[in-house]
Structures are given as structure tokens and as C-alpha cells.
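S.K.: coords below, sequence missing:
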């Protein structure tokens, strides 16, 4: 700015003043705007050499720690609503993922491009805009439909924000004294976690689910997390409100919860795990051990079957993948296969 000010030493004290901008080779409107901008920035004049100062530290000196705190803490993490990520009722993996997503720390298209890993590619869900955190989880037509579906399920009208961080920072925690108030805390992290899983299925497996199937999985995960939290014990200050009636009518999975009487906070008696041991079958008998596992419920399922004799020797064993199904289907399928091995 030295070209635009001079030091007036005519008086007793030297004073720095702005030069006239009339001689600048620009039109009058731009001159006026420039002068007005200069007036907004008063400055002090010192007879000293210029130096660089890092304004985000008390000493004025830059350090890697101060730079990191400014980029990732001071700008993006200072006012984040921690309850939406780390509340005891939140699905842990969904909360942890949402915590990273709102700070733009997940490996998504635009971030991979910044790292030089790959070039920016379009959103795999809509094929339109470049894939970024804000687009994938908010402005993509697929994500927008998921959010508006959630607003409708919560009986609220909420406008989507311009970015994901603002969406979480402005997320309303309403009906705090209602029976199902935990839905407000659990829902947003589960929603973007399911969108991320669907994105990965599209990107890596070239498999896409229909929107109703994705919404069904979102509702199921939110309901299971809410029920698990409520069964642990609900605050005596909570009351059953008209909003809870709406929730019961629009969240079928929550109807599994008994609505009459208080929820007992008594836990089942503890089990001494050392007393639970596997024993071989009686002489001349066989023992069948079977199990079924699933990933996603309903998603990919597998089973395992082992047959032992009375000396604890493995007589027959089998494991295999089965068509997509729930955990109950997987267990029943494993039992059927085990009985076929015995017969």
C-alpha cells in the first residue's frame, strides 16, 4: 500500500495520510469505491522494517501446530454439535463417519483430487456435479430425497442448507421432552452413513438399490438404534406427546416397544462366562453346531456347519454363501444344511 500513502511531516508529529487517487487511470466510480474501501482500513505508521506476522497466534510467529488448528479446528470444528456424533444413542460407526464427513475428511472425489490420487469425477449417484461432500450428502437428487423423506417422517419442514456442516450445525433437536426425542439425535448420522454405503455399492460393486430399499434400511437402522437406547432407560421427565403419536403411526418398527407402563431399568443377571463351555455329545451320538451370518440385514449372508462325534472329532463340515437374506433366514438355512449332512 506504500504507493497510496505519504508521511506528512509539516506539523510537530509525522502523520501517515492517504494520497489523492485522482491521478489513477480508472473511471470515477472505481475511484470512489477505492477511496471508500481505504477508509475502512485505518493504519498505524511506524519507522520500522516490514515483517510477516501470523495473526492467528499470540506471538505473531507461524508454527505447524497453529496452522493445523486454524485449518481444521478454528474454521470447521469449533461449534460442531457433538451430540449428533457421539451421543450414546447414535450408531457408533455412523456417528464417527458423520464426524469426519462434516469436516471434509473422508476420501471422496474432490479430496482425492487434491491429494493427486485421481482426477475429479462426477457423482456416482446422479452422474451430474463433481463428487464432493456437500453434493453427495445434500444436493444430489438421491440424497435430497432421503433428507426430505426424513423430514416427513419426523413431521417437520426443514430447508436443506448450502453445505453439510451447516446442515448439522443447524439441525433442530426438537421435542426434547418427548418419548422418542432420541430420533432427532440418531437420524442424521445414520442417513448419511447409508448414503455412503449405497455410493460405495454403486462405485465398487456396480450394484445399486432402489430408493425405497435404501429408505427402508435407513428407517430400520434408526429404529433399532432408538429402541436400543430407550430400552436402556428413559428419563422420568419424558412424556408421551402428540408428536410421539405421529411417530408411532409413521415408524412401524418402533411399534415393537410396549407403550404401557414404565420401562424397567433392571438388567438381566450377569452370566459367568467361564461356566459356558462346549461339551462333546454322549457316546454313540453326534453334535451339530451351526451358525448364520449376514451383512446389512438383508444383504449378503453366509452359513457354517460342523458335525462332531462323541470324541469331539470333526466328522463333517461345510460353509457357503447363500442368497441375500436376514439373520433369521441365515440361521434356518444353516440348520437345514446341517440336518442334511447328518442324514
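M.R.: Everything's here; your move. The model shown is predicted, which means the values in this text are computed figures rather than measured ones.

S.K.: from now on I want contacts and neighbour counts done on CA atoms only, so please keep to that.
M.R.: Fine.

S.K.: now do the contacts for residue 277.
M.R.: Shown in contact with residue 277 (Cα atoms under 8 Å, 6 or more residues apart in numbering): no residues.

S.K.: mind checking the SS state of it?
M.R.: Assigned by DSSP: H, G, I helix; E, B strand; the rest coil, the conformation of residue 277 is coil.

S.K.: make sure residue 306 is indeed in a helix.
M.R.: No - applying three-state DSSP, one finds residue 306 to be strand, outside a helix.

S.K.: test my guess that it contacts residue 286.
M.R.: No - Residue 306 is beyond contact range of residue 286, at 10.3 Å (criterion: Cα atoms under 8 Å).

S.K.: count of residues packed around the nearest residue to residue 308 once chain neighbours are set aside?
M.R.: The shortest distance from residue 308 to any non-neighbouring residue, by Cα to Cα, 6 or more residues apart in numbering, is to residue 314 (4.7 Å). Close neighbours of residue 314, defined as other Cα atoms under 10 Å, add up to 13.

S.K.: now residue 151: how far from residue 216?
M.R.: Distance of residue 151 to residue 216, given as Cα to Cα, to the nearest Å: 15 Å.

S.K.: what do you get for residue 180?
M.R.: 19 Å.

S.K.: residue 113 too?
M.R.: Note on residue 113: its distance to residue 216, by Cα to Cα, is 33 Å.

S.K.: so between those two, which is more surrounded?
M.R.: Between residue 113 and residue 216, counted using other Cα under 10 Å, residue 113 has the larger neighbour count: 14 against 10.

S.K.: SS state for the more buried one?
M.R.: For residue 113, the secondary-structure state derived from three-state DSSP is helix.

S.K.: what number of residues lie near the closest residue to it other than its chain neighbours?
M.R.: Nearest residue to residue 113, sequence neighbours excluded (Cα to Cα, 6+ apart): residue 119, at 5.1 Å. Each residue near residue 119 was counted by other Cα under 10 Å, and the total is 13.

S.K.: same question, residue 219
M.R.: Residues contacting residue 219 under the criterion other Cα under 10 Å number 20.

S.K.: A strand includes it, no?
M.R.: No - counting by three-state DSSP, residue 219 is located in no strand; its state is helix.

S.K.: ignoring the adjacent residues along the chain, who's closest to it?
M.R.: residue 251 (7.5 Å).

S.K.: can I assume the one you found is in contact with residue 155?
M.R.: No - using Cα under 8 Å, residue 251 is not in contact with residue 155, being 11.4 Å away.

S.K.: tell me where the model's unsure across the stretch 201-343 of the chain.
M.R.: Along the stretch 201-343 of the chain, segments meeting pLDDT under 70 span 233-237, 255-276, 296-299.

S.K.: now the helices for it?
M.R.: 211-231, 242-250, 327-342 (DSSP state H, counting those that start in this stretch).

S.K.: got the buried residues for the first one?
M.R.: Along helix 211-231, the positions that meet the burial threshold by neighbour count (16 or more other Cα atoms under 10 Å) are 214-215, 217-223, 225-227, 229-230.

S.K.: so what's the one residue sitting closest to the centre of the chain up against?
M.R.: The residue lying closest to the centre of the chain (Cα atoms, centre = their mean) is residue 98, at 1.9 Å. By Cα under 8 Å, 6+ apart, the contact list for residue 98 reads 85, 189, 192, 193.

S.K.: of these, which is the most crowded?
M.R.: With neighbours defined as other Cα under 10 Å, the most crowded of the contacts of residue 98 is residue 85; it has 26 neighbours.

S.K.: that one reaches residue 100, doesn't it?
M.R.: No - look at residue 85 against residue 100 with Cα under 8 Å: they stay out of range, at 9.7 Å.

S.K.: on that earlier part again, for the residue nearest to residue 219, which residues are in contact?
M.R.: Neighbour list for residue 251: 153, 219, 223 [criterion: Cα under 8 Å, 6+ apart].

S.K.: and for residue 134, the neighbour number?
M.R.: Residue 134 has 19 neighbours, counted by other Cα under 10 Å.

S.K.: for it, give me its contacts.
M.R.: For residue 134, the contact set (Cα under 8 Å, 6+ apart) comprises 162, 163, 164.
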